[in-house]
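Asker: Could you look at this predicted model? Sequence included:
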Amino acid sequence: MPLPIPYLPHLRNPTVLSMGLAPLNAHTWIEPDDALPRFFQHKQAVRSRLGSRVFRALPASLPAQRETSQLLAAHLERDHPGFYRRDGAFLHSAAGAISVDAQSAEPLWAISLAVADDLLLLQQRDDEYLLTAASLCSPSHWRLEEKFEQPLTAIHDDVPGFAHALQPRVNRFLQHLHPEHPVVRFNWGLQCGDALCVRENGAATGPLHYRCERQSLCRLPNTAAILFTIRVYLCPLAALASVADAIPSLLQAVDACPTELAVYKGFDRIERELASYRSAYG
């Protein structure tokens with residue numbers, strides 16, 4: 001039986017806080033599907049409402065933005081011809097008749113409209129990598145205006161255990177990331193309702209949903225910036241009942257999560273909703 005969404009990362013790695021990096025096949029850098037129209041409309045709507053809280057870029061990031069746009073447009077046209085075609089400056093998607101200007105004055109924003117993924121650029125300054133440009137329309141636990149132009153240490157400052165467990169390894173990894181060796185990793189979490197932009201979700205209600213984030217990191221060959229992509233997948237938690245052991249292993253992972261990290265992930269706020277699953281699978 002097929003999975004309700006393409007990935008259920010907790011089945012392979014139940015640990016909430018881990019690097020979990022794996023080599024990424026360059027031909028699958030972006031994974032397009034028929035959900036693109038929803039993301040296209042969502043991105044336009046949240047930027048209309050939130051402005052610089054979902055898209056922001058330093059002037060110095062413009063060369064890296066342009067390189068991102070060029071590389072992604074070439075990848076989409078070359079590796080996904082069933083979804084994309086190029087016509088001069090415009091990139092057209094067959095899903096939803098979407099067209100974007102690949103030579104826009106806001107290159108990162110324009111190319112982000114052509115994909116479901118959020119796109120973030122990290123650039124080195126001294127010994128740190130700073131967030132210098134971002135199209136972040138589907139965040140889970142953080143806000144762009146608080147993290148922009150901040151180093152990774154500050155960006156992850158509120159993630160319990162990150163500084164001790166992962167920060168040194170992340171810094172070493174980024175220093176040695178080569179353009180020829182992009183990587184992919186996955187995050188997972190739970191939320192009430194199916195909102196993509198959790199920052200607007202407030203005291204959300206609705207059925208529990210499983211949230212998976214497919215993330216890739218790639219160093220751009222010319223500017224040496226690092227492009228971080230985030231693709232969100234959501235499905236009702238009830239749909240995981242069709243997958244053997246998916247819900248019991250998820251409950252075990254939630255219970256094994258350290259208290260501070262569980263609070264950060266919001267597991268404490270959905271305990272009432274989890275109770276029915278505990279009863280059914282206890």
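Answerer: The structure has been received and is ready for your questions.

Asker: Would you point out the helix or strand in the chain whose mean pLDDT is lowest?
Answerer: Sorting the helices and strands of the chain by mean pLDDT, DSSP states H and E puts helix 162-165 at the bottom, at a mean of 57.

Asker: next structured bit after that helix?
Answerer: helix 167-175 (DSSP states H and E).

Asker: Run through the neighbouring helices and strands of that next one.
Answerer: Judged by 3 or more Cβ pairs under 8 Å, 6 or more residues apart in numbering; DSSP states H and E, helix 167-175 is in contact with helix 152-155. To be clear about C-beta, it is placed using only N, CA and C from the backbone, and glycine gets the same treatment.

Asker: Identify the residue spatially nearest to Q124, adjacent ones excluded.
Answerer: Leaving aside its sequence neighbours, Q124 sits nearest to A224 (Cβ to Cβ, 6 or more residues apart in numbering; 7.1 Å).

Asker: Same question for K265.
Answerer: Leaving out its chain neighbours, the residue that sits closest to K265 by Cβ to Cβ, 6+ apart is G189, at 5.5 Å.

Asker: secondary structure class for that neighbour?
Answerer: Secondary structure, DSSP: H, G, I helix; E, B strand; the rest coil: G189 is strand.

Asker: Okay, it and S48: tell me how far apart.
Answerer: Distance of G189 to S48, given as Cβ to Cβ, to the nearest Å: 26 Å.

Asker: what's the burial count for R125?
Answerer: As a burial measure, R125 scores 11 neighbours (other Cβ atoms under 10 Å).

Asker: thought the residue nearest to Q124 was touching L121?
Answerer: No. Judged on Cβ atoms under 8 Å, A224 makes no contact with L121 at a distance of 11.0 Å.

Asker: Figure out the helix or strand that the closest residue to A114 other than its chain neighbours lives in.
Answerer: Among residues not flanking A114 along the chain, V100 sits closest, at 4.7 Å (Cβ to Cβ, 6+ apart). Per DSSP H and E, V100 falls inside strand 98-101.

Asker: What strands flank that strand, and is each parallel or antiparallel?
Answerer: If you go by DSSP bridges, strand 98-101 pairs up with strand 90-93 (antiparallel).

Asker: need the strands for the protein, in chain order.
Answerer: Under the criterion DSSP state E, strands of the chain are mapped to 22-23, 55-57, 84-87, 90-93, 98-101, 118-125, 128-135, 183-192, 208-219, 226-236.

Asker: mind checking which of those strands is nearest I155?
Answerer: Closest to I155 of these is strand 128-135 (Cβ to Cβ; 6.3 Å).

Asker: just checking, what packs against that closest one?
Answerer: Using 3+ Cβ pairs under 8 Å, 6+ apart, the elements in contact with strand 128-135 are strand 55-57, helix 62-79, helix 107-112, strand 118-125, helix 152-155.

Asker: what would the ones you listed look like in TSV with distance to R269 and mean pLDDT?
Answerer: Listed next are the helices and strands packed on strand 128-135 as TSV, based on distance: least, Cβ to Cβ, whole Å; pLDDT from 0 to 100:
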stretch	distance to R269	mean pLDDT
strand 55-57	28	98
helix 62-79	35	96
helix 107-112	30	96
strand 118-125	24	95
helix 152-155	23	76
